[in-house]
Structure formats: structure tokens, C-alpha cells
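> Show me the folded form of this:
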Amino acid sequence: MKQVFSVLSVTCVAFFTIFLSTTNVGCKKGDDGAKGDTGTANVMFSGWLNVKFQPQTNNDGDTVVWTAEIDAPKLTKAILDSGTVKVYLNIGTAASQTVFPLPIADFYYAAAYIESLNLYYTPGKITMYASQDASTETVAGQTYYQFRYVIIPGGVPAGRMGTDYQAVKDYYKIPD
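From the prediction side, this is the model:
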């Protein structure tokens, strides 16, 4: 009885091995595809930028507003018509970020106080108007007050992440 069972077992194994090797039922490794880009789809973003604000004065020589421009060459009329632009201010350092979405009004954080910092967009440019000088600073080798923009073309879903920098960064896989 043991011999019949052994012969039957060997026959079954041989049959299935031959059957699977002559048909396309078995697994077969396909060709590797081309490596795609990582994470951000059509979303464009700048690095953290150093920005210098300039005082704008009235006829009496008093500073009435501080202005700065950020070049954003991929900011097109089509994006302005149907996309989204987000701008962030890191008042901390690269190693210890404290990031706020812009625009801001009545902003007070530690020793920093800015009554307002507003944004205006035109193709290729982001113009900022601030009530105080919000220029990038370097103190003891550490850089503070850097700006970053994120451009989300129309048709790319923004999801429900709001304006929080960390949520946008995580959602679109934007590197530090």
C-alpha cells in the first residue's frame, strides 16, 4: 500500500510539474519598468529662499510699507486662473523650523511682530507687502525668516489639507 501511495504521489507531482511548465499558469517575472519621478506629481515648489524687503517711503521720507518680490518663473497665467499658490514663512532655522502660512495679520511670535504681510501674484512673480521689515536674517550663523512657495496647477487635487505647511508638505511629498 505504501508503494502505491508513493508511486501515485510521484506521478501527481511529475504531472503537475510538466503541466505548469507547458502552460502559462506559473509565475513569471516580467521586465522592470522605468523608474518614475518621486512623489510630487505636477506640484512645483521652491527651496527656502532668502528675501530682502525694501522700505517704500512717502513724500515726507517716512516708511509706509516694506516690499519684496520673489521670482517664480513657473507661476503662469493658467495657474493663476485655475491653480493654487501657497507661500510660507519659516521664522525658525533650517534645523528648527517654525513655519506659518501667508498672508498673516497681527502676527506676534516671540520677539517678532508684523502687523500684516500680504501677497499679490502676477505671472512669474510673487510680490509681498509687509508692515515691518520681514527680510531674511542671519544671526550667529543661523538663518531666520526664509520663504518658500508651492504651486499647485489646476487639475491636481489639493485634498483637505488646508494651509498648514506640514500637511501640504506631507501630502505632496515636498522635501525639506
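> For stretch 76-95, C-alpha coordinates in CSV please.
Only the C-alpha atoms of stretch 76-95 are listed here, as CSV (Å, rounded to 0.1, in the frame of the first residue of the first chain):
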residue,chain,number,x,y,z
THR,A,76,1.8,81.2,-15.2
LYS,A,77,-1.5,82.9,-16.0
ALA,A,78,-3.1,79.4,-16.4
ILE,A,79,-2.0,78.6,-12.8
LEU,A,80,-3.3,82.0,-11.5
ASP,A,81,-6.6,81.3,-13.3
SER,A,82,-7.2,77.7,-12.1
GLY,A,83,-4.4,76.6,-9.7
THR,A,84,-3.3,77.4,-6.2
VAL,A,85,-0.2,79.2,-4.9
LYS,A,86,0.8,78.8,-1.2
VAL,A,87,3.6,80.8,0.4
TYR,A,88,5.1,80.0,3.8
LEU,A,89,7.4,81.9,6.2
ASN,A,90,9.9,80.0,8.3
ILE,A,91,10.8,82.2,11.2
GLY,A,92,13.0,79.5,12.7
THR,A,93,16.1,77.9,11.2
ALA,A,94,16.5,75.0,8.8
ALA,A,95,17.2,72.7,11.7
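> Please spell out which residues along that stretch are buried.
By neighbour count on 16 or more other Cβ atoms under 10 Å, the buried set for stretch 76-95 is 79, 83-93. Every C-beta, even on glycine, is put in place using the N, C-alpha and C of the backbone.
> Give me the subset of those residues lying in helices.
When DSSP state H is applied, the buried residues of stretch 76-95 are split such that Ile79 fall in helices.
> Thr67: which of the buried residues of stretch 76-95 is nearest?
Thr67 has its nearest neighbour among the buried residues of stretch 76-95 in Val87, at 14.4 Å by Cβ to Cβ.
> okay, how far is it across stretch 50-68, tip to tip?
End-to-end span of stretch 50-68 (Cα to Cα, to the nearest Å): 11 Å.
> Give me the residues contacting that stretch.
By Cβ atoms under 8 Å, 6 or more residues apart in numbering, the residues outside stretch 50-68 that reach it are 70, 127-136, 143, 145-147.
> Any regions of the chain where pLDDT drops low?
By pLDDT under 70, the low-scoring segments of the chain are 1-41, 106-114, 156-164.
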